[in-house]
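Q: Next come a sequence and a model predicted from it.
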Amino acid sequence: MQHPLAQQLSRVRRKARWLLALYGLGWLIGLPLAVALALGILDYLVHFEDRGIRIICSLLVVGAIGWCAWRFLLRTLRVRLGDHQLAMRLQRRFPQLNDALASALNFLSQSEGDETAGSAALRRAVVAEASAEVQQLELSDSIDNRPTRRVLTAAGVVLAIVMLLFLVDFRSASIALARLSNPFGKVAWPQRTHLQFREIVRRAPAGGVFEVTVIDAYGAKLPDDVKIHIRYEGARPQSEALREAKGSLAYRQESVNRPFSYRATGGDDRSMEWVPLEVIEPPALESLAIKVHPPEYTQWPVASSEKNIKALRGTRVELAGTATKRLKSAAVVLEDGTALPATVSADGFGFALSPEERWLTVGKKSTSYRLKLVDLENFSNDNDPTYEIRSVPDLPPSVIMEEPGPSIFVTAQAEVPLKLLVKDDLAIRDVELRYSRSDESDKGETAIVIHQGPLKARPQPGGISADEGESLTLEHRWDLAPLKLPSGAQVTFLAASTDYVPQAGQSTARRLFVITRDELVDRLAERQTLILGEIAKALESQRLSRGLVRDVQIDLRDKGTLDKPGLDRIQGADLSQGQVNRTLTSPEEGIPSQVRQLLADLSNNKVDSPEIGRRMEDLLDLLGRLEREQLGGIRSDLTSAMKEAQAAMDKAGASRRRRAARTWRAWGRPSPRPRRGRTR
């Protein structure tokens, strides 16, 4: 039978074993369960699709179980708790025991008759004393059970959380447990996102636009991380961002040149299969023949045209061409979106705008067009170029009345000379003189035909590029005698022209004032006086010029050289002489033009005044002789003299500068630079 002291130690040993076992069991349950809980929640949030990640997660749980079993259970249970080791631990816990407990246990292990162990009575006394000390102590209280309680509490909390999750969402918890326990299984999370393309595109034209739209199959909001993946043959997939488009996400590639596969991923949806895209060559224009039919009034023949059309407004355009593929339809699409359908030939390769009512008509504004060809697979040539249609307007004729002036005074028997410049960008049909009388205002305008063209425009083989149009310079003498105009009447008149559209153009209006013969003679006399006044001014300018030249001659005689003021006087004389020459000889703005106009007015108004005519003719003859014999030579001499004087001054200035340089060098100083306008 065991000694009471040994029995107490056995009770302490059993309690320690139980606490150690519970401590290890708490770790074995709590830590792997916590790891599994964390990984399950992470899988729930992220939805691991990669099998490698799932295997790693399962291995983490298994590793946690193995580590806890070894670290906290097996190693703990293998701890040796013999009597001697337990006694040493108790003596450290209770210092008052000293070595009595260990010695007592050692003596109890020896037999009573063992003479080598010493006195039996002494051993019994030591055992009795140790037993008495132990009886006063609670040895079981020496074992600290707080770590075990903490571990078991933590394990219980983790277990409670797991049970609560199973109660709240049994399906999700079961899926997480199944995926964690079997990473090779096919158990998957229910998808929150179900991506699909609104319309799957499997074929696209080469060089055309590829566009797809990603939506959720059940109308749910798309996550922010949706991307489209493009995979070309022999290359790694490329991810492209999508753009928002009315509650969906769209991807657009402007020019497709080679085939590829594509799919979309986003949120928890990674299951979409790759969609192959085949690139098809669209129909292309092989040949195109264009004929332009000008408006009938032009009488121009039908002509061929380039793809960029330049044609007169109202021209009808006929198109016919061929394509590289069989066509389902063809049309001419204008810049504003208007489509003119073309007729496709029986073999499917040709097309034409026919009949005539379908032909393209050149409008008022220039525009552009393109040919839309659609093949049997509904592919079109959307990337083909556009061509220009340049509309050339047929403008109304322009009429300029060069003569007479804005308002003139005439007699009732006068002939009014008219000089007209008429232009049209195609052809002139007629030119009329239209007038109205102040004494017959109720009759309106009266027209007199000055020029009449053919009934139809003459054909121009070159069409719009053949010529710049028609231009006429017309001279006409308008006899006023048949009108029997009274003195004081006013006649407002203008020239008008029409083309073959027909369109009309007209000149600015002019006005005639009808006066008597005596009034006209008085006006002519006033003009003679003005002419004589101009001659007097010219004479005064001539005298001024001669005075300047005389002053220069005096300076040359006195000084022997010409200075700067002298050169200025020569220049002034030259300018004054030029004004005299223009006044006396200019055929456009000088006195000769005024004299000729006065003589023309005498003739046009049929005024018989031999004295005025003779005087004006003599004046013209005199001015002509002045120009030929004197004025031209005077101006030429002045110009030559001015040039020679300028050259002489420049030479003299250079000579003085050379002398100054020699002087400065003699003094040993650098030669100063002359200032502009001065010579040192």
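A: That came through fine.
Q: Now do the buried residues in stretch 346-358.
A: Buried residues in stretch 346-358, counted by 16 or more other CB atoms under 10 Å: Phe349, Gly350, Phe351, Ala352, Leu353, Arg358. (Glycine included, C-beta is placed from N, CA and C.)
Q: again but with stretch 549-556, I slipped
A: Across stretch 549-556, burial judged by 16+ other CB under 10 Å covers Val549, Val552, Asp555.
Q: Tell me how far the spatially most central residue of the chain lies from Arg582.
A: Centroid-nearest residue in the chain, with CA atoms, centre = their mean: Glu254, separated by 16.3 Å. In this view, Glu254 and Arg582 are 70 Å apart by CB to CB, to the nearest Å.
Q: Ok, Ile531 next?
A: Taking CB to CB as the measure, Ile531 falls 15 Å from Arg582.
Q: who has more neighbours, the two?
A: Ile531 (17 against 14; other CB atoms under 10 Å).
Q: what residues are up against the more buried one?
A: Ile591, Gln594, Val595, Leu598, Leu619 (CB atoms under 8 Å, 6 or more residues apart in numbering).
Q: Please identify the helix or strand for it.
A: Assessed by DSSP states H and E, Ile531 sits inside helix 517-559.
Q: Run the chain-centre distance for the next helix-or-strand element following that helix.
A: Remark: after helix 517-559, the chain's next helix or strand is helix 564-585, criterion DSSP H and E. Its chain's C-alpha centre and that of helix 564-585 lie 62 Å apart, by CA atoms, centre = their mean, to the nearest Å.
Q: what mean pLDDT does helix 564-585 have?
A: Mean pLDDT, helix 564-585: 75.
Q: Just after it, pick out the following helix or strand.
A: Taking DSSP H and E, what comes next after helix 564-585 is helix 591-604.
Q: can you give me the strands for the stretch 401-550 of the chain?
A: Under the criterion DSSP state E, counting those that start in this stretch, the stretch 401-550 of the chain contains strands at 407-410, 415-424, 430-437, 446-452, 470-479, 490-498, 504-506, 510-514.
Q: So which elements touch the last one?
A: Pointing back at strand 510-514 there. In terms of contacts (3 or more CB pairs under 8 Å, 6 or more residues apart in numbering; DSSP states H and E), strand 510-514 is packed against strand 407-410, strand 490-498.
Q: for the shortest one, which positions count as buried?
A: Meaning strand 407-410. By neighbour count on 16+ other CB under 10 Å, the buried set for strand 407-410 is Ile408, Val410.
Q: what sits against His229?
A: Contact analysis of His229 by CB under 8 Å, 6+ apart lists Pro237, Gln238, Ser239, Glu240, Tyr262, Arg263, Ala264, Thr265.
Q: Need the three-state assignment for the fifth one.
A: Spelled out, that is Tyr262. Assigned with DSSP: H, G, I helix; E, B strand; the rest coil, Tyr262 falls in the strand class.
Q: okay, now it: neighbour count?
A: Neighbours of Tyr262 under the rule other CB under 10 Å: 23.
Q: Please list all residues in contact with it.
A: Taking CB under 8 Å, 6+ apart, we find Tyr262 in contact with Val212, Ile228, His229, Ile230, Arg231, Trp274, Val275, Leu277.
Q: 7 Å - rerun?
A: Going by CB atoms under 7 Å, 6 or more residues apart in numbering, Tyr262 touches Ile228, His229, Ile230, Val275, Leu277.
Q: would you list the residues you listed in TSV and tack on distance to Ser366 and pLDDT?
A: Shown next, in TSV, are these (distance: CB to CB, whole Å; pLDDT from 0 to 100):
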residue	distance to Ser366	pLDDT
Ile228	42	94
His229	46	95
Ile230	42	95
Val275	44	95
Leu277	40	94
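Q: Which members of those residues are classed as buried?
A: Applying 16+ other CB under 10 Å to these, the neighbour count classes Ile228, His229, Ile230, Leu277 as buried.
Q: Can you list the residue ranges for helices in the protein?
A: 4-46, 51-68, 75-77, 83-93, 100-108, 120-135, 146-168, 170-181, 517-559, 564-585, 591-604, 610-626, 632-666 (DSSP state H).
Q: how about Thr516, phi and psi?
A: Main-chain torsions, Thr516, degrees, to the nearest 10: phi -80, psi 170.
Q: which ones are touching the nearest residue to it once chain neighbours are set aside?
A: Nearest residue to Thr516 in three dimensions, chain neighbours excluded: Ser487, at 5.1 Å (CB to CB, 6 or more residues apart in numbering). Contact partners of Ser487, counting by CB under 7 Å, 6+ apart, are Val514, Ile515, Thr516.
Q: what about Ser487, distance to Val410?
A: Ser487 sits 11 Å away from Val410, going by CB to CB.
Q: where do the contact lists of the two overlap?
A: When contacts are counted by CB under 7 Å, 6+ apart, Ser487 and Val410 are jointly contacted by Val514.
Q: Does Ser239 touch Arg231 like I think?
A: No: with contact defined as CB atoms under 7 Å, Ser239 does not reach Arg231; the gap is 10.2 Å.
Q: More neighbours: which of those two?
A: For Ser239 versus Arg231, neighbours defined as other CB under 10 Å are more numerous around Arg231 (15 against 9).
Q: for Gln191, what are its contacts?
A: Gln191 is in contact with Asp268, Asp269, counting by CB under 7 Å, 6+ apart.
Q: phi, psi of it?
A: For Gln191, the backbone dihedrals (degrees, to the nearest 10) come out as phi -70, psi 140.
Q: ok so, going back, any idea which of the contacts of Tyr262 is the one closest to Gly52?
A: Of all those, Gly52 sits closest to His229, with 20.2 Å by CB to CB.
Q: Lowest-scoring secondary structure element of the protein by mean pLDDT?
A: Lowest on mean pLDDT, DSSP states H and E among the helices and strands of the chain sits helix 100-108, with a mean of 55.
Q: tally of neighbours for the closest residue to Phe166 other than its chain neighbours?
A: Closest residue in space to Phe166, ignoring its immediate chain neighbours: Ala173 at 4.6 Å, by CB to CB, 6+ apart. Per other CB under 10 Å, the neighbour tally for Ala173 reads 20.
Q: does Ala173 really touch Leu165, like I thought?
A: Yes: assessed by CB under 7 Å, Ala173 is found in contact with Leu165 at 4.8 Å.
Q: distance between stretch 171-185 and the chain's centre?
A: Distance, stretch centre to chain centre, for stretch 171-185: 56 Å (CA atoms, centre = their mean).
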